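Enquirer: I would like to see how this sequence folds:
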Amino acid sequence: MDKLVLKNFLNVVVNFIGRDGRTKLVQLAEDDDDNNNNVALVCSSFKLFNQLLIHNDNKLVKFILSAILRHLSHHHDGGVMNAFLDTKLKKLGIDESDSEMFKIKLLEGFLKSIKGQLEFENSYRIIVLPDKKPNLEVDIINGCLLEPYEEPFKHQIRYLQNRKLNILLFSCFLDENLNNSDIDCDINLKTSNNISLNKTQTSLIIDSFKKIMANLKNIDIIACQKVASPDIKLFLKSLNVLLIDRLGKEQINFLVRVTHAKLIKSPIESITNDHLGKIGELKVWKATEDDEKEYLEFISDFDDFVSIVIFNPYRETFEEVKYLSECSFKILKNLYNLHTDSPNKNCQLNKNDVYLLSGTDWVLELVKHLTNLDDEFFGKLIQARRAVDSVKDSLKLLLNNNNNNNNMDNNHNKIKLYFLSHENAINTIRISFFISRTILRASNFFQETDE
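Expert: Alright, predicted model coming up:
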């Protein structure tokens, strides 16, 4: 290899310190305890190799550099999400055939949550459920999936289906545990012949709900973070109002996001139409035929919140898979923010951002549907996909050529290299081949300079 080329090669990596942090070109695999020289080729910035020119005849080095440049110039994501997921899922023992569709669905869910993320910090919920199927699968719900503490009144839900609904959300108790100071305050202000000081708190709450129902009229659902009295449930049931209680803080906050309702701290306070939230539709949702649990699916009327339901047959990895999915969403959001100078409420993706999603025809159609892409730019995405496919074809040819090369020192120079590239937008091309001792020494140099 040309010494000048190698010098430039090293300088690019050593001096790459900027806003995006130091970037390694290669690194030893984390689980390489046997010193087998297993090395991962890392692509984490499209700036890498911009200043490097190759003028010699080393086909292998030329190919590696051109492949990285081509990938980074088309996708601008550096393979960050892929590298993260592929590495972690592999460590969890999840089959590679599961991870491709898993990543496609995560990308789809992220796209559908962008509109909400422009206005709110969180516009998605990730849930992991058990499944007897052998594969890791994902379902995307346009709204929020909640697990009620008790079985819902099915006949009431049947009555509420197939229409838009109004909902009130309470963060307080709706029983005898209601804050006494609220009750005392209400009685002191409104004491008259019509209100008895001996009334129970439950009776006072029912009286308040009578006034609420008379003033607002169009209430279909009342959701409560804490416990509600059975008497209050029966009273609301008689009015064809569904009461869902004991949802907990996390689930009630998800409902606030989905419905855009104002959270009510006490039934005694003044409640107006401004507190009402909207639901596109309410359904009973069953995870699988074998699962006896039933969930409530609140379909968003605002199209800015999604639930990502992951069916995981690997029970021991539930928490890890959920954590990985949440981290992937954060990575994608950071990439989105990096390339979007002025986010707006119309869900317009920056063109550099869309490169991240270019790949399969299915993903391209999804991107075109969710964003206003002109035909010319859409054609460029198709070309980007073909370019990645050509890299894959070149790789196969390169492998065949190198496998026939008898001049390599197999004992010292065989290293496994993971090139994090997009095949069909989200799959990783894995490569094993022989490279020269010079590249191996360069990889050791990168390790030393990084430390």
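Enquirer: would you agree residue 326 is in contact with residue 125?
Expert: No: look at residue 326 against residue 125 with CB atoms under 8 Å: they stay out of range, at 9.9 Å. In this view, the C-beta of every residue, glycine as well, is placed from N, C-alpha and C.
Enquirer: just name the shakiest helix or strand of this structure by mean pLDDT.
Expert: In the chain, the helix or strand scored least confidently by mean pLDDT, DSSP states H and E is strand 427-434, which has a mean of 24.
Enquirer: picking up where we left off before, looking at residue 326 and residue 125, which is more packed in?
Expert: More neighbours surround residue 125 than the other of residue 326 and residue 125, with 23 against 14 (other CB atoms under 10 Å).
Enquirer: ok, what's across the strand from that one?
Expert: For residue 125, the beta-bridge partners under DSSP bridges are residue 307.
Enquirer: wait, it sits on residue 254?
Expert: Yes: Residue 125 is in contact with residue 254 according to CB under 8 Å; the separation is 5.6 Å.
Enquirer: what touches both of these two?
Expert: Residues touching both residue 125 and residue 254 (CB atoms under 8 Å, 6 or more residues apart in numbering): 144, 305.
Enquirer: okay, now residue 163: neighbour count?
Expert: Residue 163, neighbours per other CB under 10 Å, totals 11.
Enquirer: right, I mislabeled it, should have said residue 151
Expert: Neighbours around residue 151, by other CB under 10 Å: 9.
Enquirer: quick check: it touching residue 296?
Expert: No: using CB under 8 Å, residue 151 makes no contact with residue 296, being 10.5 Å away.
Enquirer: for residue 202, list the residues it contacts.
Expert: Counted by CB under 8 Å, 6+ apart, residue 202 has contacts 175, 176, 229, 231, 232.
Enquirer: what sits up against the strand or helix carrying the fourth one?
Expert: Following DSSP states H and E, the helix or strand that holds residue 231 is helix 230-238. Contacts to helix 230-238, defined as CB under 8 Å, 6+ apart, come from residues 153, 156, 174, 175, 202, 205, 206, 209, 222, 242, 243, 245.
Enquirer: rewinding a little: tell me which of the contacts of residue 202 is nearest to residue 89?
Expert: The nearest member of those to residue 89, counting by CB to CB, is residue 175 at 45.5 Å.
Enquirer: correct me, but residue 136 touches residue 309?
Expert: No: using CB under 8 Å, residue 136 is not in contact with residue 309; the gap is 11.9 Å.
Enquirer: count of residues packed around the closest residue to residue 141 other than its chain neighbours?
Expert: Leaving aside its sequence neighbours, residue 141 sits nearest to residue 307 (CB to CB, 6 or more residues apart in numbering; 4.2 Å). Residues lying near residue 307 (other CB under 10 Å) number 25.
Enquirer: okay, residue 279: pLDDT?
Expert: Note on residue 279: pLDDT of 90.
Enquirer: what residues are up against it?
Expert: 143, 164-167, 220-221, 258-259, 298-301.
Enquirer: for the stretch 101-250 of the chain, what spans make up the strands?
Expert: 124-130, 137-141, 143-146, 165-170, 221-224, 242-244 (DSSP state E, counting those that start in this stretch).
Enquirer: including distance to residue 272 and mean pLDDT, could the ones you listed go into a markdown table?
Expert: Compiled in a markdown table, the strands of the stretch 101-250 of the chain are given as follows (distance: least, CB to CB, whole Å; pLDDT from 0 to 100):
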| stretch | distance to residue 272 | mean pLDDT |
| --- | --- | --- |
| strand 124-130 | 28 | 89 |
| strand 137-141 | 30 | 88 |
| strand 143-146 | 24 | 90 |
| strand 165-170 | 11 | 92 |
| strand 221-224 | 15 | 92 |
| strand 242-244 | 20 | 90 |
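Enquirer: closest one to residue 281 among these?
Expert: Nearest of the strands of the stretch 101-250 of the chain (CB to CB): strand 165-170, 7.4 Å.
Enquirer: then residue 325 would be within a helix, right?
Expert: Yes: applying DSSP: H, G, I helix; E, B strand; the rest coil, one finds residue 325 inside a helix.
Enquirer: might you report the residue contacts of the residue lying closest to it once chain neighbours are set aside?
Expert: Excluding its sequence neighbours, the residue lying closest to residue 325 (CB to CB, 6+ apart) is residue 126, at 4.9 Å. In this structure, residue 126 makes contact with 307, 308, 310, 322, 325, 326, 329, judged by CB under 8 Å, 6+ apart.
Enquirer: with residue 137 instead?
Expert: Residue 137 touches 101, 102, 131, 310, 311, counting by CB under 8 Å, 6+ apart.
Enquirer: same check on residue 280?
Expert: So residue 280 contacts 143, 164, 299, 300, 301 (CB under 8 Å, 6+ apart).
Enquirer: so the first one makes contact with residue 307?
Expert: It refers to residue 143. Yes: between residue 143 and residue 307 a contact is recorded at 6.6 Å, counting by CB under 8 Å.
Enquirer: got the CA coordinates for stretch 133-141 in CSV?
Expert: Provided in CSV are the C-alpha atoms of stretch 133-141 (Å, rounded to 0.1, in the frame of the first residue of the first chain):
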residue,chain,number,x,y,z
LYS,A,133,-44.8,-17.6,17.9
PRO,A,134,-41.1,-18.2,17.2
ASN,A,135,-40.5,-14.8,15.7
LEU,A,136,-40.0,-11.3,17.1
GLU,A,137,-43.0,-9.3,15.7
VAL,A,138,-44.3,-5.8,16.0
ASP,A,139,-47.7,-4.2,15.7
ILE,A,140,-48.3,-0.5,15.4
ILE,A,141,-51.5,1.1,16.9
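Enquirer: list the buried residues in that stretch.
Expert: The neighbour-count check on stretch 133-141 (16 or more other CB atoms under 10 Å) flags 136, 137, 138, 139, 140, 141 as buried.
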